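J.: quick one, fold the following:
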Amino acid sequence: MSLIISPDLLTQIHRHGEAAYPDEGAGFLLGSDGETRQITALLTLDNIRQGEARRTRYLIDPRDYLVAENEAERSGQTLLGVFHSHPDHPNRPSDYDRDWAQPWFSYIITSINAGKAVESCSWRLSEDRTCFVEEEILESSQR
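T.: Predicted coordinates:
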């Protein structure tokens, strides 16, 4: 499993995580699906989680999910997954992430340390929901 994304889109993910810091930031991944997934667009979102929980959890408004589905359909793309940040924590999925994940989605998690993006990894939940499997991120030559 691998996922192709341009350096510009990856930079946008990093900037969104940095801007949300010290809270988690999130958004949707749009693109094309196949043997290799190609991310071609992002939809950044507001974390609607309230209070201190925003630092360790993100919450997506269900209406934003509908907007993303409609945008994907309108533009001939597919809603492929979610990106989010882990402020001052590794870019590994948490048990909470696993509890709320969907097996067909890609999840790009970016570690943000002291307000700066460090590294991103992509994950997919196994069909039996017991674990995440790392998905290789390949940077495309498109800018």
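J.: show me the contacts for the most centrally placed residue in the chain.
T.: Closest residue to the average C-alpha location of the chain: F83 at 1.0 Å, with Cα atoms, centre = their mean. F83 is in contact with 13, 16, 26-29, 42, 107-110, 120, counting by Cβ atoms under 8 Å, 6 or more residues apart in numbering. All C-beta atoms are positioned from the backbone trio N, CA, C, and that covers glycine.
J.: helix, strand, or coil at it?
T.: Put simply, F83 is strand when judged by DSSP: H, G, I helix; E, B strand; the rest coil.
J.: in the sheet, who's paired with it?
T.: G27, I108 (DSSP bridges).
J.: only alpha carbons, please: show stretch 90-107 as PDB.
T.: C-alpha atoms of stretch 90-107 as PDB (Å, rounded to 0.1, in the frame of the first residue of the first chain):
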ATOM      1  CA  PRO A  90       4.500  10.700  17.700                       C
ATOM      2  CA  ASN A  91       2.700  10.400  14.400                       C
ATOM      3  CA  ARG A  92       1.500   6.900  15.300                       C
ATOM      4  CA  PRO A  93      -2.300   6.200  15.600                       C
ATOM      5  CA  SER A  94      -3.700   6.100  19.100                       C
ATOM      6  CA  ASP A  95      -6.200   3.600  20.400                       C
ATOM      7  CA  TYR A  96      -8.700   6.500  20.100                       C
ATOM      8  CA  ASP A  97      -7.800   6.900  16.400                       C
ATOM      9  CA  ARG A  98      -8.400   3.200  15.900                       C
ATOM     10  CA  ASP A  99     -11.800   3.300  17.600                       C
ATOM     11  CA  TRP A 100     -13.000   5.900  15.200                       C
ATOM     12  CA  ALA A 101     -11.200   5.000  12.000                       C
ATOM     13  CA  GLN A 102     -12.700   3.500   8.900                       C
ATOM     14  CA  PRO A 103     -10.800   0.600   7.200                       C
ATOM     15  CA  TRP A 104     -11.000   2.000   3.700                       C
ATOM     16  CA  PHE A 105      -9.600   5.500   4.600                       C
ATOM     17  CA  SER A 106      -6.000   6.600   4.600                       C
ATOM     18  CA  TYR A 107      -4.900   8.500   7.700                       C
END
